[in-house]
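Novice: My questions concern the predicted model and sequence given below.
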Amino acid sequence: MTRPFLSSAAALVGDPLTEILAAADRQDRTDTSAMAPGPLAPGRELGGEMPLEMKRPAHALQAFEATMQKKPNRFRTLYRAANAASLPSDREKARRYDRQLIDICARAHAPRRAEIRDVRKAVKS
């Protein structure tokens, strides 16, 4: 998902990461009705994907944690935050996010998603 995202972001005028984060700021200021569906992927979450791909995990983690403030318990946000936390060797934070993701998915009948299997292995190690 992020490779095409980065390719299209490179076509933006200016610094792509700055543009993405500015869009996330605008999204944060937008009120949505309780009845209106939210975005498929919050801007802050997308703002974490780019620095993660650019090998800037601290910036990515900051964006994912900002996403969790407004949109707690999002599967992808937690999973990618754990990935970002594990890169600078913040294993405790990575495990905390992994455990939270396992708790959220505890009622799943079978761990069909590869991410869940990966998270369960990471927590055990």
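Specialist: Okay, I see it. Numbers count the residues shown, from 1 in each chain.
Novice: Next up, the contacts around the residue positioned nearest the centre of the chain.
Specialist: Among the residues of the chain, the one closest to the centroid is residue 77, at 3.0 Å (CA atoms, centre = their mean). Applying CB atoms under 8 Å, 6 or more residues apart in numbering, we find residue 77 in contact with 42, 45, 48, 64, 67, 68, 71. Heads up, the C-betas are built off the backbone N, CA and C, glycines and all.
Novice: Which strand or helix spans the fourth one?
Specialist: When you say that, I think you mean residue 64. Using DSSP states H and E, the element containing residue 64 is helix 57-70.
Novice: Who are the packing partners of that helix?
Specialist: Applying 3 or more CB pairs under 8 Å, 6 or more residues apart in numbering; DSSP states H and E, one finds that helix 57-70 makes contact with helix 16-29, helix 43-53, helix 75-86.
Novice: how about the second one as PDB, C-alpha atoms only?
Specialist: Read that as helix 43-53. The C-alpha trace of helix 43-53 is given here as PDB (Å, rounded to 0.1, in the frame of the first residue of the first chain):
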ATOM      1  CA  GLY A  43      -4.900  11.600   7.800                       C
ATOM      2  CA  ARG A  44      -2.700  11.200  10.900                       C
ATOM      3  CA  GLU A  45      -2.400   7.400  10.200                       C
ATOM      4  CA  LEU A  46      -1.400   8.100   6.600                       C
ATOM      5  CA  GLY A  47       1.000  10.700   8.000                       C
ATOM      6  CA  GLY A  48       2.700   7.900   9.900                       C
ATOM      7  CA  GLU A  49       3.000   5.500   7.000                       C
ATOM      8  CA  MET A  50       5.300   7.900   5.000                       C
ATOM      9  CA  PRO A  51       8.000   8.400   7.700                       C
ATOM     10  CA  LEU A  52       7.900   4.700   8.500                       C
ATOM     11  CA  GLU A  53       8.700   3.900   4.800                       C
END
